[in-house]
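>>> need a structure here:
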Amino acid sequence: MPRICMLLACSLLCLPALAQEEGAAAPPAAVLSAPLDPGLVQRQKIVDALRAKLAAMALSQNSDYDFASFMQLYDQAAAQMAAIEMREGTDGDMKALARQTLAAGRKRDAKLDTWIAQFRKFN
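The predicted structure is shown next:
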């Protein structure tokens, strides 16, 4: 069962690449020829770090605990990327999505923190 958590986490990281491979619209030529966006470089570093953390994470053999642990890492990465969007983004809709991502992540993290603390208390 813990392998399911690892597969879920890995699949979340692979979805953007799969969408592009399956015929998603290519970025406009202007985007491809523009100077490299520093936010993009920062977001890529966040994704790379998340992949490394997920790969290095020792599984507990408890699916619920592993899921909660994976989600904490995912939420940390999402919050970091949302903060970059808030700082560097120019599209109002994307900035609103970043704000929503931060708010939802904080609520979810509070639940995960409480659940993990209870789990550790009794295990």
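
>>> Quick check, pLDDT for the residue of the chain most remote from its centre.
Most distant from the centre of the chain: residue 122, at 28.7 Å, with distances by CA atoms, centre = their mean. Looking at residue 122, its pLDDT reads 84.

>>> Can you pull the phi and psi angles for it?
phi -110, psi 0 (degrees, to the nearest 10).

>>> for the helix or strand hosting residue 104, packing partners?
Assigned by DSSP states H and E, residue 104 falls within helix 92-122. Judged by 3 or more CB pairs under 8 Å, 6 or more residues apart in numbering; DSSP states H and E, helix 92-122 is in contact with helix 63-88. No exception for glycine: its C-beta is placed from N, CA and C like everyone else's.

>>> and the helix it packs on, how far out from the chain's middle?
Put simply, helix 63-88 sits 5 Å off its chain's centre (CA atoms, centre = their mean, to the nearest Å).

>>> by how many degrees do that helix and helix 92-122 diverge?
Interaxial angle, helix 63-88 versus helix 92-122 (axes from the mean of the first three to the mean of the last three CA atoms, to 10 degrees): 150 degrees.

>>> counting contacts, what elements does helix 63-88 pack onto?
Packing partners of helix 63-88 (3+ CB pairs under 8 Å, 6+ apart): helix 2-21, helix 38-56, helix 92-122.

>>> picking up where we left off before, residue 109 versus the residue farthest from the centre of the chain, what's the distance?
Computed with CB to CB, to the nearest Å, the distance linking residue 122 and residue 109 is 21 Å.

>>> Residue 118 too?
Distance of residue 118 to residue 109, given as CB to CB: 15 Å.

>>> more neighbours, these two?
Neighbours per residue (other CB atoms under 10 Å) separate residue 118 from residue 109, with residue 109 holding more: 15 against 10.
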